[in-house]
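[1] make a model of this:
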Amino acid sequence: MPCHFYILFSETKNRFYIGATCDHLDQRVRRHNANHKKGFTGHQNDWMIVYSEAFPSKQQAFDREREVKGWKSRKKIIDLISSQN
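    Numbering: from 1, shown residues only. All right, here's what the predicted structure looks like:
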């Protein structure tokens, strides 16, 4: 099973969440939306996938997560999401 780097967006928070997983992506998003009051995503339940990339290994997916988190730039994240469309 491939691993994924993904970006979620919450309309309520108007924020992005950047992550990586080797679970099924839809299941992971359901867990983000079900974790009420826990962690960054836990206070909202409207997170939706706005971008994802598949990788053959866990290490590659998590490396991509670290790379994008290192940008610390909302504009660069929006540009990345826009490039997928």
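
[2] how close does the nearest residue to His24 once chain neighbours are set aside get to Gly70?
    Nearest residue to His24, sequence neighbours excluded (CB to CB, 6 or more residues apart in numbering): Met1, at 7.9 Å. C-beta: built from backbone N, CA, C; applies to glycine. Look at Met1 and Gly70: by CB to CB, to the nearest Å, they are 26 Å apart.

[3] Ala54 too?
    21 Å.

[4] neighbour count winner among these two?
    Ranked by neighbour count (other CB atoms under 10 Å), Ala54 and Gly70 place Ala54 first, with 13 against 8.

[5] in the sheet, who's paired with the more buried one?
    Beta-bridge partners for Ala54, by DSSP bridges, are His4.

[6] in stretch 68-81, what counts as buried?
    68, 77, 80 (16 or more other CB atoms under 10 Å).

[7] the closest residue to Ala34 other than its chain neighbours in helix, strand or coil?
    Setting aside the residues directly before and after it, Ala34 is nearest to Asn45 in space (CB to CB, 6+ apart), at 7.3 Å. Following DSSP: H, G, I helix; E, B strand; the rest coil, the label given to Asn45 is coil.

[8] for Asn45, what are phi and psi?
    Asn45 adopts backbone torsions of phi -130, psi 30, taken as degrees, to the nearest 10.
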